[in-house]
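Student: From the sequence below, what's the structure:
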Amino acid sequence: MTPSPEDDPAAWHAYLAEGNAKQARKRVAADLLLRDTDGRFLLVKPTYKPGWDLPGGMAEANEAPDRAVLRELEEELGLTVVVRGLLVVDWVAPHGPWDDQVAFIFDGGVIDDEAATALRPRDAELSEARFTPGHAAAAILRPRLARRFAAAVAALASGRPVYLCNGEDFSNSA
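Tutor: The predicted structure is shown next:
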């Protein structure tokens, strides 16, 4: 029988703690669509994996996804922006040595020309950062990320966030 929080608060707490210890934990990634005044998108080139990526990264333990992307931007690019809204949530299936994860893309808005021109990697995790037109960005991102990027661009245009399953539109995954 499940303890009642009103009748036995300590037993209820123990019950919740046991559930927390046994339930799956998800890795969380958080990226940002950031544009310059010409409408190009910021891409970054990580040093620890091949190819280009969106700015952002992995959330730390007990860190909210929107806070994770802001922290990553500050650490890697010295950039402070305002998260303007959610564009994409993508459940990513286990692949290779990785368990599943939940990946978010947020809208970072538009940065002015001066800030865009001054943008440079600030730590060893990135070798390059550049603004790229949408069609070119989609062509150089890894396929799953390119699908997530396209969904984020569409969500930006429609004003409605999108849920994906493994990079595919959820409505097509059932």
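
Student: counting residues per helix, which one in the chain is longest?
Tutor: helix 143-158 (DSSP state H).

Student: got the CA positions of that helix in CSV?
Tutor: Coordinates of each C-alpha in helix 143-158 appear next as CSV, following Å, rounded to 0.1, in the frame of the first residue of the first chain:
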residue,chain,number,x,y,z
PRO,A,143,21.3,14.2,-40.6
ARG,A,144,19.4,13.9,-37.3
LEU,A,145,20.5,17.4,-36.3
ALA,A,146,19.7,18.8,-39.7
ARG,A,147,16.1,17.5,-39.3
ARG,A,148,15.9,19.0,-35.8
PHE,A,149,17.3,22.3,-37.2
ALA,A,150,14.7,22.3,-40.0
ALA,A,151,11.9,21.7,-37.5
ALA,A,152,13.2,24.6,-35.4
VAL,A,153,13.3,26.9,-38.4
ALA,A,154,9.7,25.9,-39.2
ALA,A,155,8.6,26.4,-35.6
LEU,A,156,10.3,29.8,-35.6
ALA,A,157,8.2,30.8,-38.7
SER,A,158,4.9,29.3,-37.4
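
Student: Name the helix or strand for the residue most central in space within the chain, please.
Tutor: The residue lying closest to the centre of the chain (CA atoms, centre = their mean) is Ala30, at 2.0 Å. Per DSSP states H and E: Ala30 is located in strand 27-35.

Student: Show residues contacting that strand.
Tutor: 41-42, 53-59, 63, 65-66, 68-69, 72-73, 79, 81, 83, 87, 92, 98-111, 131, 149, 152-153, 156 (CB atoms under 8 Å, 6 or more residues apart in numbering). From N, CA and C alone the C-beta is placed, and that goes for glycine too.

Student: Can I have the buried ones of the residues you listed as a PyMOL selection?
Tutor: Restricted to buried positions by 16 or more other CB atoms under 10 Å, the PyMOL selection for these reads:
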select buried, resi 41+42+53+54+55+56+57+59+65+66+68+69+72+73+79+81+83+87+92+101+103+104+105+106+107+108+111+131+149+152+153+156
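
Student: Give the partner strands of the very next helix or strand once past the longest helix of the chain in its sheet and their orientations.
Tutor: Per DSSP H and E, the first helix or strand lying C-terminal to helix 143-158 is strand 162-165. In the sheet, strand 162-165 lines up against strand 85-92 (parallel), strand 168-169 (antiparallel) (DSSP bridges).
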